[in-house]
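A.B. asks: here is a sequence together with a model predicted from it:
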Amino acid sequence: MNDRGLHSWFRARMAAFATGLLGPAEEERFREHRQQCAECRTAFHAMGASDVSAQGLGQHLPAELVARWSEARRSLRGLERSLVRNHLARCEECRQDLQVLGHAPELEVNPELEEGFEPTASRATFERDSQAEELDDLDSSVDPMRGPSAERPQYVIRLVPVRPRPTHAWLRWALGGWAAAATAAAAVLLLFPGVVKTSRKQPPLSGGPVAVQPPTLGPGGSIPGAPAPAEPRPGQQVVQLPPPNTVLSGGPPPGGLGWSGSLPMGTSAGKLVADVLLEPLELRAVHPGEALDSIPTLTMPASTRIVPLHLSAIPKGRGILAQVLSLAGDTLQSAQLDPIQLRRSGTILLFGGGVPRSGRYILRLETQPGPASDLRRPETIEYPFRLRIEDQ
Amino acid sequence: MDESPSVPASAAIEIDWAAARTFLRDRIRGTLRGRGDADVEDLTQLAAVRLLRALRREPARSLEALMHEISRRTCIDFFRQRRRTPSTTDIVGVEEVLSAPADPDSDLGGDLERLRFVVLEFFQARNAPCRTLATMYFAEQDWQTVAEQLNRTYTAIRKQWSRCVQLLREAAGASQDPLLAWAREAG
């Protein structure tokens, strides 16, 4: 195979590789080329970053397909076309998506595009087809998301919510308190600004449990620097913080709980009325040697105590050490996270016991070396972000 | 499958979609200064779908903030996709690949998300264990982890998944779906 053929071969298999569909020999060949060709490697990483950010795990019609439904219904072919049709027949959510965009919630049978048929007309030919043009006209007349706004009526759509998905399990946990956390599928890093400060040059924590040092609780479980417990205002939640000096295990302990904890004698968990950010701050992964165009900024009131961070990528490996670093490189906090929970939810929660400080931080995730038989190299990903506290 | 039963109408959220669309389009147009209307309209559609799905997952505390964030992220994805392939290269063959005519289906969105959908949907009716494996792999991206979760060996899981993929390859062989071209070609 010449160079051109090899690049084409690689590009045609990027999605199949990421979906686990290549056989061992193809997989090895794919990895080999990815290592050797910087251009193809860049293309592969870009595909992953973009598609992962869409949070698509294949449960529903891809958002881009729905957004371009006018083209999709005329050009989807073969197996994919029949699968889309089957899915629409039973998925109320996807039908609703299409209806809101002004489309009929179905995919018609077109013998020329169905499975096993060799298409003779190119898309360009198809687009010149008069019937297709008529369909286009029809689309623009009924599609509330297109066409001149002056002619568009005020659309008020009743949107039917569904139950939360696993990726939003952090919300259940945040609102459900510490007890619920034992079974929630969320990964958590406890951040208490200014409480822990160690040098970044210290050897990374690995293997055994990691002690996390929350603030000392005052009488009655109150937290220094935090608002006194009170009746929550609208939009606030009563949050039960994890017990102080909680010990986080390197993985789920026997019994399937997400965390193990120990409560020192004479202490108790603290309760706090706090603002909880409902929308996660999206953090972009930066691999060593890369730079970000812009750093995500989170502006929030000082009363906010729980900040969900959604990560664009998670390093692959058995154990993940998470650290929050100051810009100077000091480790403000570190914790061993459960990689399975973290990959499933893609979300880390930052709990603030005291008033957090404005500034730039770096969340650093580092996989731990596996057994000798595991040939993967430890991977490190950093997520810079800026915290801007109102009134500071 | 995540398809959920209908919930009572009282739980529905009312959104003025004309206003929402205008908001999204204005934000996207502001970010994509200098781009054509076609790009702006396409991205407005995409942002609208993402907004729908986000609202379906969780009610928004601030709809405006949510729309702002979705439009921002949609634009970021747009720029990232445009940057996927560097414009200059001295590697023989890459330019030819990059300048080759686009696949007719390439405008329909990310191949990865589409292929994930095809895999799960294909196994939905045909083979439940394969679907379970696919779902777990998509979430974990690591067969070793999947094997541990299922309390099986890595080798056994890979063999089972290989048989699953063979089913898909056989179906793809009878189909002209460009998304599955990799499955019809010899490695």
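C.D. replies: Received it, and whenever you're ready, just let me know what you need.
A.B. asks: A strand includes B:I15, no?
C.D. replies: Yes: according to DSSP: H, G, I helix; E, B strand; the rest coil, the state of B:I15 is that of a strand.
A.B. asks: so it sits right up against B:A54, yeah?
C.D. replies: No: the pair B:I15 and B:A54 does not pass the contact test of CB atoms under 8 Å, sitting 11.5 Å apart. Quick note: C-beta positions are derived from backbone N, CA and C, even for glycine.
A.B. asks: and the residue nearest the centre of chain B, how far is that from B:R158?
C.D. replies: Closest to where the C-alpha atoms of chain B average out (CA atoms, centre = their mean) is B:E113, at 2.5 Å. Going from B:E113 to B:R158 by CB to CB, to the nearest Å gives 24 Å.
A.B. asks: isn't the residue nearest to the centre of chain B up against A:P62?
C.D. replies: Yes: when contacts are counted by CB under 8 Å, B:E113 is listed as touching A:P62 (4.0 Å).
A.B. asks: ok, then the element right after the helix or strand of chain B with the lowest mean pLDDT?
C.D. replies: Least confident helix or strand, chain B: helix B:94-99 with a mean of 41, by mean pLDDT, DSSP states H and E. Using DSSP states H and E, the next helix or strand after helix B:94-99 towards the C-terminus is helix B:111-126.
A.B. asks: which residues are contacting that next one?
C.D. replies: Helix B:111-126 is touched from outside by A:14-16, A:18-19, A:21, A:47-48, A:51, A:54, A:56-65, A:79-80, A:83-84, A:86-87, B:1, B:108, B:130-131, B:134-135, B:138, B:164, B:167-168, B:171, B:177, B:179-180, with contacts defined as CB atoms under 8 Å, 6 or more residues apart in numbering or on different chains.
A.B. asks: those, buried ones only, as a PyMOL selection?
C.D. replies: The buried subset of those, as determined by 16 or more other CB atoms under 10 Å in any protein chain shown, is captured in PyMOL by this line:
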select buried, (chain A and resi 14+15+16+18+19+21+47+48+51+54+56+57+58+59+60+61+62+63+64+65+79+80+83+84+87) or (chain B and resi 108+130+131+134+135+138+164+168+171+177+179+180)
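A.B. asks: in helices, which of the contacts of helix B:111-126 fall?
C.D. replies: A:14-16, A:18, A:47-48, A:51, A:63-65, A:79-80, A:83-84, A:86-87, B:130-131, B:134-135, B:138, B:164, B:167-168, B:171 (DSSP state H).
A.B. asks: roughly how far does the residue lying closest to A:R85 once chain neighbours are set aside sit from chain B?
C.D. replies: Closest residue to A:R85 apart from its sequence neighbours, by CB to CB, 6 or more residues apart in numbering or on different chains: A:L107 at 4.3 Å. For A:L107, the distance to chain B equals 13 Å [CB to the nearest CB, to the nearest Å].
A.B. asks: I'd say A:L107 and A:L88 touch.
C.D. replies: Yes: in this structure A:L107 lies within contact range of A:L88 using CB under 8 Å: 5.9 Å.
A.B. asks: below-threshold pLDDT in chain B: ranges please.
C.D. replies: Scanning chain B for pLDDT under 70 picks out the ranges B:1-14, B:82-109, B:174-176, B:185-187.
A.B. asks: would you mind giving the domain segments of it?
C.D. replies: B:15-86, B:111-184 (automatic domain parsing).
A.B. asks: distance to A:L363 added to those, as a markdown table?
C.D. replies: Shown next, in a markdown table, are the domains of chain B (distance: least, CB to CB, whole Å):
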| stretch | distance to A:L363 |
| --- | --- |
| domain B:15-86 | 18 |
| domain B:111-184 | 20 |
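A.B. asks: shaky segments in the stretch 151-300 of chain A?
C.D. replies: Filtered on pLDDT under 70, the stretch 151-300 of chain A yields the residue ranges A:151-280, A:287-293.
A.B. asks: on that earlier part again, give me the pLDDT for the residue nearest to A:R85.
C.D. replies: At A:L107, the model reports a pLDDT of 89.
A.B. asks: surely it is in a strand?
C.D. replies: No: assigned with three-state DSSP, A:L107 falls outside any strand and is coil.
A.B. asks: count the residues that sit near it.
C.D. replies: 23 (other CB atoms under 10 Å in any protein chain shown).
A.B. asks: list the contacts for it?
C.D. replies: A:73, A:76, A:81, A:84-85, A:88.
A.B. asks: buried ones from those residues, can you make that a ChimeraX selection?
C.D. replies: ChimeraX command restricting the contacts of A:L107 to the buried ones, with burial defined by 16+ other CB under 10 Å:
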select /A:73,76,81,84,85,88
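A.B. asks: looking at the contacts of A:L107, which is nearest A:G329?
C.D. replies: Taking CB to CB as the measure, A:G329 sits nearest to A:V84 out of these, at 49.7 Å.
A.B. asks: what's the distance between the residue nearest to that closest one when sequence neighbours are not counted and A:A89?
C.D. replies: Using CB to CB, 6+ apart and skipping residues adjacent in sequence, the residue nearest A:V84 is A:L107, 5.5 Å away. Distance of A:L107 to A:A89, computed by CB to CB: 9 Å.
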